[in-house]
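1. Return atomic coordinates for the entry below.
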Amino acid sequence: MRQIMLDTETTGLDWRNGDRVIEIGCVELLNRSLTGRHFHVYINPGRSIDAEAVAVHGITEEFLADKPRFAEIVDDFEAFVRDAELVIHNASFDVGFLDNELQLLGRGRLDTLCAGVIDTLRMAKEQNPGKKASLDALCDRYEIDNGHRELHGALLDAELLAEVYLAMTRGQESLMIGLDDEPLPGAADDGAAPRERASIVVVRADAAELGAHEAMLADIAKANKGLCLWLPPAQEPPAPG
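-> Model prediction:
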């Protein structure tokens with residue numbers, strides 16, 4: 001499995017207001033191991049940078065004056081992330097900005113380029129409801145050293161995210177290792193031909209059971225003023241002609 005930890009820095013908070021990407025940082029994991037390969041670039045956005053954004057990442061317009069435009073680096077970026085699964089903290093933010101940059105050039109969105117996106121912010125909130133879920137908070141929770149992180153930086157944050165993601169999913173890794181260690185059902189361990197697997201028996205509900213199920217859903221809907229997750233919404237009557 002090839003995964004890319006990705007982070008961006010931007011001129012502001014909303015690409016819909018014309019904000020642009022000014023830094024991209026990516027690190028590569030292959031089968032949950034860092035490969036040492038990374039993609040990192042600063043980008044001249046061709047516009048001003050909000051003072052609040054500079055206070056967060058420290059990247060100034062003067063620093064970016066001689067840096068390439070997104071159009072000059074897009075081929076290399078697409079080649080690095082193509083067909084990989086992206087792992088992003090607060091994915092909707094970065095994906096929104098990158099999709100905007102790609103579409104400004106008439107190119108396909110990330111979901112046509114990559115195998116999928118994992119949002120570690122959402123994952124952290126699901127694993128620990130009510131607790132802080134920022135990247136710094138997760139570094140503290142999983143005892144990952146981020147003392148050198150005085151300002152946000154795309155490559156540094158992608159590297160920290162890799163450590164956080166591996167820590168958050170370590171139980172899944174143990175499960176997979178356990179599965180790999182166990183012989184598959186029906187597999188021969190003595191050189192003999194594999195045993196046939198038993199066929200799966202599917203037992204379908206009969207008419208009486210289906211009727212009882214419908215009645216139960218109707219009771220749930222009645223108790224919830226017509227709302228029931230497992231029933232389609234009631235149709236509005238047609239307006240008088």
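
2. what's the nearest residue in space to Gly36 that is not next to it in sequence in contact with, if anything?
-> Spatially, and ignoring its direct neighbours in sequence, Gly36 is nearest to Glu28 (7.9 Å; Cβ to Cβ, 6 or more residues apart in numbering). All C-beta atoms are positioned from the backbone trio N, CA, C, and that covers glycine. Shown in contact with Glu28 (Cβ atoms under 8 Å, 6 or more residues apart in numbering): Arg2, Gln3, Ile4, Met5, Leu34, Thr35, Gly36, Arg37, His38, Phe80, Ala84.

3. which of the residues in the helix or strand containing the fourth one are buried?
-> Assigned by DSSP states H and E, Met5 falls within strand 2-10. For strand 2-10, a neighbour-count test (16 or more other Cβ atoms under 10 Å) marks Gln3, Ile4, Met5, Leu6, Asp7, Thr8, Glu9, Thr10 as buried.

4. So which of those residues is the closest to Leu113?
-> Nearest to Leu113 among these is Ile4, at 11.0 Å by Cβ to Cβ.

5. Go through the buried residues of strand 2-10 and name the one nearest Asp219.
-> Of all these, Gln3 has the smallest distance to Asp219: 45.9 Å, by Cβ to Cβ.

6. just to revisit the earlier point, turn the contacts of Glu28 into CSV, including distance to Glu143 and pLDDT.
-> Shown next, in CSV, are those (distance: Cβ to Cβ, whole Å; pLDDT from 0 to 100):
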residue, distance to Glu143, pLDDT
Arg2, 27, 97
Gln3, 22, 98
Ile4, 24, 98
Met5, 19, 98
Leu34, 18, 95
Thr35, 24, 96
Gly36, 23, 95
Arg37, 26, 97
His38, 24, 97
Phe80, 30, 98
Ala84, 28, 98
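
7. Roughly how far does Trp15 sit from Pro45?
-> From Trp15 across to Pro45, the span is 11 Å (Cβ to Cβ, to the nearest Å).

8. typed the wrong thing, it's Glu72
-> Glu72 is 13 Å from Pro45, by Cβ to Cβ.
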